[in-house]
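Asks: here is a sequence with its predicted model. Questions after.
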Amino acid sequence: MSLTEIDLHKQLKKYFGFSQFKGLQEDVVASIVNKHDTFVIMPTGGGKSLCYQLPALIEEGTAIVVSPLIALMKNQVDAIRGISSEYGVAHVLNSSLNKTEVKQVKEDIINGVTKLLYVAPESLTKEDYVEFLKEQKISFLAIDEAHCISEWGHDFRPEYRNLRHIIKRIGENIPIIALTATATPKVQEDILKNLGIPKAKTFKASFNRPNLYYEVRPKTKNVDADIIRFVKQNNGKSGIIYCLSRKKVEELAQTLQVNGINAIPYHAGLDAKTRSKHQDMFLMEEVDVVVATIAFGMGIDKPDVRFVIHHDIPKSIESYYQETGRAGRDGGEGHCLAFYAYKDIEKLEKFMSGKPVAEQEVGHALLQEVVAYAETSISRRKFILHYFGEEFDEETMDEAKMDDNVRNPKKQHEAKEDLELLIQVVKDTKQLYKSKEIVKTIVGKSNALILSHKTDTNPLFGKGKGKDEGFWMALTRQALVAGYLRKDIETYGVIKLTEKGEEFLQNPESFMMTHDHIFDENTDNAAVS
Ligand code: ADP
């Protein structure tokens, strides 16, 4: 079936009551209806669901939607039932159904009543379901949260890895639609490769949130007082404060209350009734501030959240983007303030220590990006967008000023000779080391790896010991952002030389290094070990 533009608008109105498509929706819907494999990357709130729901309702047969969480599926099904029950239904097929319910779902599919069938990836591996679905008319297969397929995503699910194989068994020519709200270039590549849809039509919306102001402050012992001051300056505004642990959530909520701030806690340790009560109180503006773990936020659509504070830095840039993304949905002001101490990174590393080695390596690499973000002196917006594979031009964009680093540029000093030493060490050590070993080599400290390569006998070993490890770490990060060095993803972060780095060695040029507040003595940061 091929539809004209006018038809699609009519269908949109008929099924959803909307008169306009949002962003790229129309092109995506047209691509799906025209049976193309399709890849959709849109930030949360961009309107991804409609991209596959509308084609599912228009087309003959049942669309299968793979989704990782039962709670998410239930929300979606309830929503779609509210919209279009007269045109067909949405069903969930998962382990929570009993035999009679499964039978009913199957009958509805056979009778062509079910337009959308939500399944968990585990359910799709069930032989019985595959055999059944093989015989049905399937319009297309949508993979929601498609970044789960990549170990380089922030939420890798091994079950997602088998999807391609199963989809093939259900039908060779079923169009595949992959959707995600976060995908770095590497994750995008993995998704297309793993699903076997290299030629998929790709639709990527911008991740730029022009109305959000990004700021990172050093986390000191006085962080709670800093937060209280900030909230009081923003008196009466809605805000979310994220903490890592439930215990900290409780403590901080209490501290805020004692200080006259209208705040409540939210975390998965509270019973369902309290959680839902606290959520409603926030939505209905009975309280200004929610202090929460990451359990808070999924499906929360409060348009006028004016600030998101991170008491503890999150474990990936993806999480940070998601969580800060809850501010300023209405297009108004949204202040994103993160408190950062290197100690917190070490804490997060420790949490990962029980996990399989490959997972730890990925987790570590994602964390290093968070460190780089927190310590960067370049525009934070530029950093975030670069992370998601998007370029941001500070010269021409008005929102460039919505950023602490751009508003208050840090002091800089000439570091040409230091950079020369750094790059030479990377080269002399045969581009085998991650930043930790490179920095150790420069300051003349060894570990097992360094000894095994006999790097301690290299004439450059210890040549930079006049400056501390924190300095050399900061220089390495700045050299990475400036493109003299690059981090190799396949080897989980081994530092390599770029062409620009080689040229620099031939012909050294001025390099202005930014003085990093993170290493000031009065902060609570541990040196890099
Ligand atoms: P995502 O899955 O990308 O996070 P959703 O699909 O949940 O986003 O959509 C976000 C919100 O936008 C929902 O409230 C949805 O009803 C609304 N929405 C989606 N498409 C349109 C549209 N064309 N016109 C108006 N509102 C829309």
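Replies: Ah, there it is.

Asks: quick check: closest non-adjacent residue to the single nearest residue of the stretch 101-250 of the chain relative to the ligand.
Replies: Closest approach between the stretch 101-250 of the chain and the ligand, counting by C-beta to the nearest ligand atom: Ala181, at 6.1 Å. C-beta here means a position set from N, CA and C on the backbone, and glycine is covered the same way. Leaving aside its chain neighbours, Ala181 sits nearest to Thr44 (4.6 Å; criterion: C-beta to C-beta, 6 or more residues apart in numbering).

Asks: now for that neighbour, how many residues are close by?
Replies: As a burial measure, Thr44 scores 17 neighbours (other C-beta atoms under 10 Å).

Asks: how about it, secondary structure?
Replies: Classification of Thr44 using DSSP: H, G, I helix; E, B strand; the rest coil returns coil.

Asks: how close does it get to Gly325?
Replies: Distance from Thr44 to Gly325, counting by C-beta to C-beta, to the nearest Å: 6 Å.

Asks: please name the bridge partners of the closest residue in space to Lys427 that isn't next to it in sequence.
Replies: Using C-beta to C-beta, 6+ apart and skipping the chain neighbours, the partner closest in space to Lys427 is Leu497 (5.8 Å). Beta-bridge pairing of Leu497 under DSSP bridges involves Leu485.

Asks: what residues are up against Leu497?
Replies: Ile423, Val426, Lys427, Gln431, Tyr484, Leu485, Arg486 (C-beta atoms under 8 Å, 6 or more residues apart in numbering).

Asks: I'd say the last one and Leu480 touch.
Replies: So the one you mean is Arg486. Yes. With contact defined as C-beta atoms under 8 Å, Arg486 reaches Leu480; the gap is 6.7 Å.

Asks: hey, what's in contact with both of those two?
Replies: With contacts taken as C-beta under 8 Å, 6+ apart, the residues that reach both Arg486 and Leu480 are Ile495.

Asks: after the worst-scoring helix or strand of the chain on mean pLDDT comes which helix or strand?
Replies: The helix or strand of the chain with the poorest confidence is helix 70-84; it has a mean of 70 (mean pLDDT, DSSP states H and E). As assigned by DSSP states H and E, the chain's next helix or strand after helix 70-84 is strand 89-93.

Asks: okay, now the sheet partners of that following strand, with direction.
Replies: If you go by DSSP bridges, strand 89-93 pairs up with strand 114-119 (parallel).

Asks: can you tell me how far Leu497 is from the ligand?
Replies: 40 Å (C-beta to the nearest ligand atom, to the nearest Å).

Asks: how much space between that residue and Pro508?
Replies: 14 Å.

Asks: and for Ile58?
Replies: Note on Ile58: its distance to Pro508, by C-beta to C-beta, is 62 Å.

Asks: cool, Asp155 as well?
Replies: Per C-beta to C-beta, Asp155 is found 43 Å from Pro508.

Asks: check contacts around the spatially most central residue of the chain.
Replies: Centrality entry for the chain: nearest residue to the mean C-alpha point is Glu318, 1.7 Å, by C-alpha atoms, centre = their mean. By C-beta under 8 Å, 6+ apart, the contact set of Glu318 is His147, Gly153, His154, Asp155, Thr182, Thr184, Leu366.

Asks: need the buried ones from those selected in ChimeraX.
Replies: To isolate the buried members of the contacts of Glu318 in ChimeraX, using 16 or more other C-beta atoms under 10 Å:
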select :147,153,154,182,184,366
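
Asks: mind checking which of the contacts of Glu318 land in helices?
Replies: Residues from these lying in helices, with DSSP state H as the criterion: Leu366.

Asks: out of the contacts of Glu318, which one sits closest to Ile378?
Replies: Thr184 (17.8 Å; C-beta to C-beta).

Asks: surely that closest one and Phe388 touch.
Replies: Yes. Thr184 is within contact range of Phe388, at 6.1 Å (criterion: C-beta under 8 Å).

Asks: could you list the low-pLDDT ranges of this structure?
Replies: 1-6, 71, 81-88, 299, 516-529 (pLDDT under 70).

Asks: got the residues of it near the ligand?
Replies: Within the chain, the positions adjacent to the ligand are 18, 20-22, 25, 42, 44-50 by C-beta under 6 Å from any ligand atom.

Asks: among the residues you listed, who's most crowded?
Replies: Tallying neighbours with other C-beta under 10 Å puts Lys48 at the head of the residues of the chain next to the ligand, with 26 neighbours.

Asks: for the closest residue to the ligand within the stretch 301-450 of the chain, which non-adjacent residue is closest in space?
Replies: When scored by C-beta to the nearest ligand atom, the stretch 301-450 of the chain has Asp301 as its residue closest to the ligand, at 6.3 Å. Once flanking residues are discounted, Asp301 sits nearest to Arg329: 7.0 Å by C-beta to C-beta, 6+ apart.

Asks: for burial, what's the neighbour tally of that neighbour?
Replies: 18.

Asks: now do the buried residues in stretch 475-488.
Replies: Leu475, Thr476, Arg477, Gln478, Ala479, Leu480, Val481, Ala482, Tyr484, Leu485, Arg486, Lys487.

Asks: can you lay out those residues as TSV showing distance to Ile197 and secondary structure?
Replies: Formatted as TSV, these follow (distance: C-beta to C-beta, whole Å; DSSP: H, G, I helix; E, B strand; the rest coil):
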residue	distance to Ile197	secondary structure
Leu475	42	helix
Thr476	37	helix
Arg477	36	helix
Gln478	38	helix
Ala479	37	helix
Leu480	32	helix
Val481	33	helix
Ala482	35	helix
Tyr484	36	coil
Leu485	34	strand
Arg486	28	strand
Lys487	28	strand
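
Asks: can you redo those residues as JSON lines with distance to Ala120?
Replies: Output for the buried residues of stretch 475-488, formatted as JSON lines (distance: C-beta to C-beta, whole Å):
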{"residue": "Leu475", "distance to Ala120": "47"}
{"residue": "Thr476", "distance to Ala120": "42"}
{"residue": "Arg477", "distance to Ala120": "40"}
{"residue": "Gln478", "distance to Ala120": "44"}
{"residue": "Ala479", "distance to Ala120": "44"}
{"residue": "Leu480", "distance to Ala120": "39"}
{"residue": "Val481", "distance to Ala120": "40"}
{"residue": "Ala482", "distance to Ala120": "44"}
{"residue": "Tyr484", "distance to Ala120": "45"}
{"residue": "Leu485", "distance to Ala120": "42"}
{"residue": "Arg486", "distance to Ala120": "38"}
{"residue": "Lys487", "distance to Ala120": "34"}
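
Asks: which one of the residues you listed is nearest to Arg161?
Replies: Among the buried residues of stretch 475-488, Lys487 lies closest to Arg161 (C-beta to C-beta), at 24.7 Å.

Asks: from the ligand, how far out is that closest one?
Replies: Lys487 is 30 Å from the ligand, by C-beta to the nearest ligand atom.

Asks: which ones are touching Lys434?
Replies: Going by C-beta under 8 Å, 6+ apart, Lys434 touches Tyr492, Gly493, Val494, Ile495.

Asks: just the ones of those residues in helices?
Replies: Going by DSSP H, the helices hold none of the contacts of Lys434.

Asks: which ones among the residues you listed map onto strands?
Replies: If you go by DSSP state E, these have Val494, Ile495 in strands.

Asks: top of the contacts of Lys434 by number of neighbours, please.
Replies: Most neighbours among the contacts of Lys434, by other C-beta under 10 Å: Ile495, with 26 neighbours.

Asks: wait, that residue sits on Val426?
Replies: Yes. Under the criterion of C-beta under 8 Å, Ile495 lies in contact with Val426, with a separation of 5.6 Å.

Asks: alright, calling it a day.
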